[in-house]
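# need a 3D model of the sequence below.
(one chain, ligands or ions: 2)
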Amino acid sequence: MSISEINLDFTKEEKPLYAEIIVPLFLPQNYTWQVPHDFQPVVSTGIRVEVALRNKKYTGIVKRIFHDKPEGFNPKPILNVLDDEPLVYEKQLQFWRWMAQYYLCTEGDIMQAAIPSNFKLSSESVLIWNEAFDDSYKDFDDEEFLVAEALQLKNELRLSEVQQILDATHVYPVIKRLIEKQVCFIWEELKQKYKEKKEVFITLHPKFHQEKELESLLNEWSGAPKQMELLLAFLHVQKTEGEVKQPELLKKSGATNAQLKALITKNILLAEKRSVTRLQVLPRQLKIDFELSDAQQKSLDKVKEVFKDQNVCLLHGVTASGKTQLYIKLIEEQLLQGKQALFMLPEIALTAQVIRRIQHHFGGYIAVYHSKFNPNERVELWNKVKSGEIKIVLGARSSLLLPFQDLGLIIVDEEHDASYKQQEPAPRYNARDTAIFYASLFDGARVLLGSATPSIETYFNCKNNKYGLVELMERYENVAMPEILLEDITYLPKENGAPVLLSPAMQTMMQQALDAKKQIILFQNRRGYSPYQICNTCGWIPQCKNCAVSLTYHKGKNKLSCHYCGTDYPVVNTCIACGSHDFTRKKFGTEQIEEAVSEIFLTSNVARMDYDSLRGKYSHDALIKIFEQQKIDILIGTQMVVKGLDFEHVSLVGILDADGMLNFPDFRVNERAFQLMEQVSGRAGRKDGKGKVLVQVSNPNHPVLQFVKKHDYKALYDYEIESRRQFAYPPFSRLIKVTFKHKEQHIAEEAATIMGRALEKNKQMEIVGPAEPLVNRVRNQYLFELLIKMPKDAKMMTHCRRQIMQQIVILQSNKRYARVTILPDVDPL
Ligand SMILES: Nc1ncnc2c1ncn2[C@@H]1O[C@H](COP(=O)(O)OP(=O)(O)OP(=O)(O)O)[C@@H](O)[C@H]1O
Ligand SMILES: [Zn+2]
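Ligands and ions are numbered 1, 2, ... in the order given. Got it, this is the predicted structure:
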């Protein structure tokens, strides 16, 4: 043994150990706890522990352990250790720290977002009486005795019950001593919460494994004939499938549970519970059964070239150019190298269509992760990603928070999509941007951003050589881009003050498409088209009592509901403004269109796809499937039909209300309008190049429409970047939006004003506001917003961020504003 090793051992024995722990609270910094002697061998970074703070218990994650006693206070001991191996690696902890700093939240917020809920301590811990305790209560103090006695009586106690027995401040030390004295142990309910999925398997009793025995059993059968049939069915399934599950056996044999039970009682069959994996398991196979076109191959080579010396590359490929095909090739490469790859898509684009397509190539090598997963499935996936068993993950935003071990590639498809940004709750992160940092933590890992309509920010980064740029400007098989036609609707007759929904030109083109046995997509922008009730006499519209918004009418439940707080109200029959009983229900934009279309095209199958319709008959996936199968001729939809769908027979796309997209007050309006129109156009003529797009608009000369007409992204970029430069909007500056919420309007406004004034002293920051947002009251809380613009200089930004955080802490330590909720949103969209 060398001298240094002896020293090390010595240190371990003598020195107390401390741990910095991430807890799910908004704290200005992480706190430190002391690691009791017994826990020292098992505590390591990345494991979960239980700690108490201000008399409440939390599950935290150990971020760092060290020996030097923190100055100025005595750290409290950790109460319990919940894991025997880390839940996350060092890299994830680093990632969380960066995210918290960048997005002005806490590492606890990230922890909350990242780890599946079953890993969190959600219910109270329970103390369990130790049966082996020898009843010797000598040298027990009064408190220990009280609890021990109660435990012996009841066998188990919740912590809240212990709290009732004792003075609250004493609970943890007493429990700790009781555990030390082996009176009881803590049963973490959360450990139990992740339940393995069990299924009942049926097997043959071992004595019949010998053919002779089995034969004589069958030959000398004297029991019920139904049981014999069941036994034969069992033997058949066992032969064909190897394993026999109880429900399948009963289904296939048509036998009853009682008949099965009889065979089990007779010791002919056995029933056995086994845990099975919840994740869908496909055979692990790699099937790359296509060749890239020349153009695609060239682009792929260029991407690889870029990756030699740049970490991030944008693949700017027009719609239907086959970007997905390139991704598949790149993922294959990672797999062959034994590395992990993450393929991200916006949540809504993560349809069965894409999943099927990817699974076709990667089979069981790929796991899908999205919000529809239940917590148990998440735990299972989490563990398999952590162990490296799962190599490829296809998922939405939150899949970025999985504990990858050896990540080689992240693909962010549709990188411009706003749903990569989380709005509520914290962390309000953009998964595209964070992916770039995350990848930088893995040696050699690369990020590929893909889009037909890149975000201005990303393209700017390419222009400045921060990212590499690879273009794929032709569709697969050189199919032509759709032809864009602009239809001026200002001269159309109006119905009740609104222009007709379908112009004569639109109707003609639709008829032509239908005659040619093609399909049609009609796109209606989501904004401002929710159904509501309106008084015909005075124009009054029912409002939510808690929020400053009109109520939306829901056909299905025949109720009015608030989309901000979720409150339901009965349908209104009497106007509170004028007493009239005469109400009209305004319809969804898409619903109106559906009705109009059905009236004109009587023999066509019409369906609509929007958030409202999907609550009804078909799910998103089902609707896509039947549209694929051409069981629907005309599909009317909102933003949902835009996202990366691949249909073969669509020849016409109608954009019904381009005005709505081009006219709303947001500096990103042009970018968004272009993206939407180009993406939805991209659904037309993907296989035969005979796609047409008709845009109904009152100002056909709008520059954005001219860019859409020529599919000219670069012209859009040049136009847009100039105005961004002029008004110092991103990418020339950074924005942080801070929202203040309080139940009294003036308090919220005061808090915002104070913070604005304080920040203004820093001349680097430009403060806009405080201003009331369009919806200025939600759940009875009044809202005010500050918009902070800051220069794009890394050092400066760190400084500004720190000042904002300081101001939040200062405001919240002032009694008057302690109850103001302050929500910073970095890089808001
Ligand atoms: N090399 C290839 N071999 C066979 N089929 C291909 C190839 N490249 C593309 N395709 C097919 O062409 C269609 C369009 O490709 P894909 O969906 O990947 O385009 P995309 O660039 O992702 O489009 P978008 O941006 O509109 O989503 C798909 O049906 C795809 O299977
Ligand atoms: Zn409301």
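# all strands of the stretch 151-300 of the chain, in order?
In the stretch 151-300 of the chain, the strands defined using DSSP state E, counting those that start in this stretch lie at 156-158, 184-187, 197-204, 269-276.
# nearest to ligand 2, out of these?
With C-beta to the ion as the measure, strand 156-158 is the member of these nearest ligand 2 (35.6 Å). C-betas here are computed from N, CA, C, even on glycine.
# parallel or antiparallel, list what pairs with that closest one.
strand 126-129 (antiparallel) (DSSP bridges).
# how about the strands of the stretch 151-300 of the chain in TSV, adding mean pLDDT?
Formatted as TSV, these follow (pLDDT from 0 to 100):
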stretch	mean pLDDT
strand 156-158	80
strand 184-187	70
strand 197-204	80
strand 269-276	77
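# how about those strands, which one is nearest ligand 1?
strand 269-276 (33.5 Å; C-beta to the nearest ligand atom).
# what's the longest helix in the protein?
Ordering each helix of the chain by length in residues (DSSP state H) puts helix 794-813 first.
# now that one - C-alpha only, CSV.
C-alpha atoms of helix 794-813 as CSV (Å, rounded to 0.1, in the frame of the first residue of the first chain):
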residue,chain,number,x,y,z
ALA,A,794,-21.7,36.1,-24.1
LYS,A,795,-20.1,37.9,-21.2
MET,A,796,-22.6,40.7,-21.2
MET,A,797,-25.4,38.2,-21.3
THR,A,798,-24.2,36.3,-18.3
HIS,A,799,-23.9,39.6,-16.5
CYS,A,800,-27.4,40.7,-17.4
ARG,A,801,-28.8,37.3,-16.5
ARG,A,802,-27.2,37.5,-13.1
GLN,A,803,-28.7,40.9,-12.5
ILE,A,804,-32.2,39.7,-13.5
MET,A,805,-31.9,36.8,-11.0
GLN,A,806,-30.7,39.2,-8.3
GLN,A,807,-33.7,41.4,-8.9
ILE,A,808,-36.0,38.5,-8.6
VAL,A,809,-34.5,37.5,-5.3
ILE,A,810,-34.6,41.1,-4.0
LEU,A,811,-38.2,41.5,-5.0
GLN,A,812,-39.3,38.3,-3.4
SER,A,813,-37.6,39.1,-0.2
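# related to what we said a few turns ago, between the strands of the stretch 151-300 of the chain, which one is nearest to Thr59?
Counting by C-beta to C-beta, Thr59 lies closest to strand 184-187 out of the strands of the stretch 151-300 of the chain; the figure is 12.6 Å.
# sorry, back to before: could the strands of the stretch 151-300 of the chain go into JSON lines alongside mean neighbour count and distance to Asn573?
Shown next, in JSON lines, are these (neighbours: other C-beta atoms under 10 Å; distance: least, C-beta to C-beta, whole Å):
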{"stretch": "strand 156-158", "mean neighbour count": "17", "distance to Asn573": "49"}
{"stretch": "strand 184-187", "mean neighbour count": "17", "distance to Asn573": "55"}
{"stretch": "strand 197-204", "mean neighbour count": "16", "distance to Asn573": "50"}
{"stretch": "strand 269-276", "mean neighbour count": "13", "distance to Asn573": "54"}
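# coming back round to it: give the pairing partners of the helix or strand just after the longest helix of the chain; include direction for each.
Sequence order places strand 821-826 as the next helix or strand after helix 794-813, per DSSP states H and E. Here strand 821-826 has these sheet partners by DSSP bridges: strand 733-742 (antiparallel).
# would you mind listing what in the stretch 51-200 of the chain touches ligand 1?
On the criterion C-beta under 6 Å from any ligand atom, ligand 1 has no neighbours in the stretch 51-200 of the chain.
# same thing with the stretch 451-600 of the chain?
Within the stretch 451-600 of the chain, the positions adjacent to ligand 1 are Ala452, Tyr476 by C-beta under 6 Å from any ligand atom.
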